[in-house]
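Visitor: Predicted model and sequence follow; I will ask about them next.
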Amino acid sequence: MHEEGDYTTAGADAVVSATRRTRPRARLLEAVLLSRRGAVLGAALLIALLGSNALVFLLSTQTLLSQERWVAHTQEVLAAVNGSMARITNAESAQRGYILTGNAAYLRTYMAAAREVQPELATLRCLISDNATQVPRADQLRALTSEKLADLGQTIALRRAGQQAQAEAIVLDDRDKAVTDAMQQRFDAMTGTELALLRRRDADARSAAMATQATLILATAADALLLAGALLLIQRTFAGRARLAEERGRLLVHAQQARAEAEAAVEARDEFLSLAAHELRTPLTALLGNTQLLQTRRETLAPRDQRLVVAIGRGTERLRTLAEYLLDASRLGQTTLDLDLRRLDLAALARQAVAEIEDTVPGRAIRVVAPRAPIAVEADQARLEQVAHNLLANAIKYSPDGGEILVTVERAADRARLVVVDKGIGIPADALAHLFDRFYRAPNASPHMYSGLGLGLYIVREIVAGHGGAIRVESAEGVGSTFVIELPAAPDAPAPAPAPNPSP
Ligand code: ADP
């Protein structure tokens, strides 16, 4: 029982491995056939094979017809030889009859035979003109016939002149025997040659007929096989197409499921981030408040404790910023920004942001180029500060060698522009397209060297877009980066109304 089971499994394995071995080839053929080029090539091949079959059949039919024509030609030559012989025999018989009886009917028969025999010999000469053996015989025959007819004509003339005895003497004497024998010999030779030709040509025609028959059978069988093969392939191609469509449908369902699962996972992640950030924000705010309180009472602390309090303050601030980022990122995925738009000066806001950040990184060179006159925009102050702060913090973070950072604020037509340029590590070209995606970090921003979540630029882009503006980046790895933000400029403020004239 056990052994039988083993045997069955081994057999099945063999079948499976054989199927596996043949499947790639079948798949390849199927793929070729399913492609438009494969189908065209297959059709062309089929037409070429059918055409060559038809050509072979046509050629063998032509050979058969030509053999048949040769047989008919030989038969025609034989008939012409026999006809000429018969005419001469007739002329001679009529001559004999006329000499013996003087009957004019014999004379007419003779005349008719004598008139027709030369044209018939000329026809015979034409028919055998391609045969070098027969041509001299035919020519000799024509000459001998003239001689023979002259002899016959002479005896007839004697009889007509009433000299029957003289004419009969010539006939009995058999004077033209040599000519008659020579003629007979040529006729026999010609007949013999044509009969030999007829036998050979008949045999050739018969074998050509058999070859044509065989070709017809083979070509028909090959055509039938080709058409059956083509039908099978067409049927398989359609079946393949149907299977592909089915597979595509299945893949689509899988893809939809995977997409739904991925969306659910992203939703769960956002929910978790939002919850965690929310939960972190309250204790962090309290911690920050207490640290700031401690900092106001710095003088009551020992110098070492003072440094500790400052460090705790920085760390807590950083944690709170991260929590805010997480909260923003999860909110932005679900709702649009709630902005409190007011008229403000972008140049002043940039200067303030630079001053604040310089406090946290003493010794960093940040140059600001901005006009004294305000560059007004309608914006949410806190959000715009967040944008400026984020770009400046990135410029500092990703310039570990301390290169100069340049901040420019300017107005270009109806746009207000904030540009932050650094000479830091730059961004690889293929990372630029993803830079504003959530949680994206360029491959050269190694987490061991540069901390971060990959959320800042995403939030910046959403804030800028919420203001009707746009952000773009130009960068080269190892050279530096330039981030440009453009916002709609607010219309110029109306001039203050002139003071009323004092009444007289
Ligand atoms: P984070 O800095 O926290 O990683 P961001 O969203 O602010 O996240 O930036 C996304 C990525 O863009 C960074 O990880 C970094 O690879 C790249 N990046 C942003 N600013 C700069 C810059 N000034 N120089 C070089 N790379 C930058």
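Guide: Okay, I see it. Numbering: from 1, shown residues only.
Visitor: Could you use CA atoms for every contact and neighbour count after this?
Guide: OK.
Visitor: host element of Arg417?
Guide: strand 415-422 (DSSP states H and E).
Visitor: Show me what that strand is packed up against.
Guide: In terms of contacts (3 or more Cα pairs under 8 Å, 6 or more residues apart in numbering; DSSP states H and E), strand 415-422 is packed against helix 381-397, strand 405-412, strand 480-488.
Visitor: Could you tell me the angle between it and helix 381-397?
Guide: Using axes from the mean of the first three to the mean of the last three Cα atoms, to 10 degrees, the interaxial angle of strand 415-422 with respect to helix 381-397 works out to 30 degrees.
Visitor: Nearest to Leu144, out of the helices and strands packed on strand 415-422?
Guide: Comparing those by their distance to Leu144 (Cα to Cα), the top pick is strand 480-488, with 120.0 Å.
Visitor: So in that sheet, which strands flank the closest one, and in what orientation?
Guide: Sheet partners assigned to strand 480-488 using DSSP bridges are listed as strand 415-422 (antiparallel), strand 470-476 (antiparallel).
Visitor: Mind putting these into a markdown table with mean neighbour count and mean pLDDT?
Guide: Listed next are the strands paired with strand 480-488 as a markdown table, based on neighbours: other Cα atoms under 10 Å; pLDDT from 0 to 100:
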| stretch | mean neighbour count | mean pLDDT |
| --- | --- | --- |
| strand 415-422 | 22 | 98 |
| strand 470-476 | 17 | 97 |
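Visitor: on that earlier part again, what residues sit buried inside the next helix or strand after the strand holding Arg417?
Guide: The helix or strand immediately downstream of strand 415-422 is helix 456-466, counting by DSSP H and E. Neighbour counts using 16 or more other Cα atoms under 10 Å place 456-464, 466 of helix 456-466 among the buried residues.
Visitor: Spit out the contact partners of the nearest residue to Gly469 once chain neighbours are set aside.
Guide: Distance criterion Cα to Cα, 6 or more residues apart in numbering; nearest residue to Gly469, sequence neighbours excluded, is Leu487 at 4.3 Å. By Cα atoms under 8 Å, 6 or more residues apart in numbering, the contact set of Leu487 is 377, 415-417, 464, 467-470.
Visitor: Would you quantify the distance from Leu487 to Glu378?
Guide: Distance, Leu487 to Glu378, using Cα to Cα, to the nearest Å: 9 Å.
Visitor: List the buried residues in stretch 202-216.
Guide: By 16+ other Cα under 10 Å, the buried positions in stretch 202-216 come out as 202, 204-205, 208-209, 211-212, 215-216.
Visitor: who touches that stretch?
Guide: Counting contacts by Cα under 8 Å, 6+ apart, the residues outside stretch 202-216 that touch it are 56-57, 60-61, 63-64, 67-68, 71.
Visitor: what's the answer for stretch 106-126, then?
Guide: Taking Cα under 8 Å, 6+ apart as the rule, stretch 106-126 contacts 77, 80-81, 83-84, 87-88, 90-95, 97-98, 135, 138-139, 141-142, 145, 149.
Visitor: quick revisit: with distance to the ligand added, can I get the contacts of Leu487 in a markdown table?
Guide: A markdown table is the format used below for the contacts of Leu487 (distance: Cα to the nearest ligand atom, whole Å):
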| residue | distance to the ligand |
| --- | --- |
| Val377 | 24 |
| Arg415 | 23 |
| Ala416 | 21 |
| Arg417 | 17 |
| Val464 | 14 |
| His467 | 19 |
| Gly468 | 20 |
| Gly469 | 18 |
| Ala470 | 16 |
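Visitor: Ala262: which of the residues you listed is nearest?
Guide: Ala262 lies nearest to Val464 out of these, by Cα to Cα, at 28.0 Å.
Visitor: Contacts only, for the closest one.
Guide: By Cα under 8 Å, 6+ apart, the contact list for Val464 reads 387, 470-471, 485, 487.
Visitor: Over to Ile357?
Guide: Ile357 makes contact with 389, 392-393, according to Cα under 8 Å, 6+ apart.
Visitor: ok, now Pro443?
Guide: Pro443 makes contacts with 428, 431, as judged by Cα under 8 Å, 6+ apart.
Visitor: So what does it look like in phi/psi?
Guide: phi -60, psi -20 (degrees, to the nearest 10).
Visitor: cool, and the one 10 residues further on?
Guide: Dihedral angles phi and psi of Leu453 (degrees, to the nearest 10) take the values phi -110, psi -10.
Visitor: For it, the count of nearby residues, please.
Guide: By other Cα atoms under 10 Å, 14 other residues sit near Leu453.
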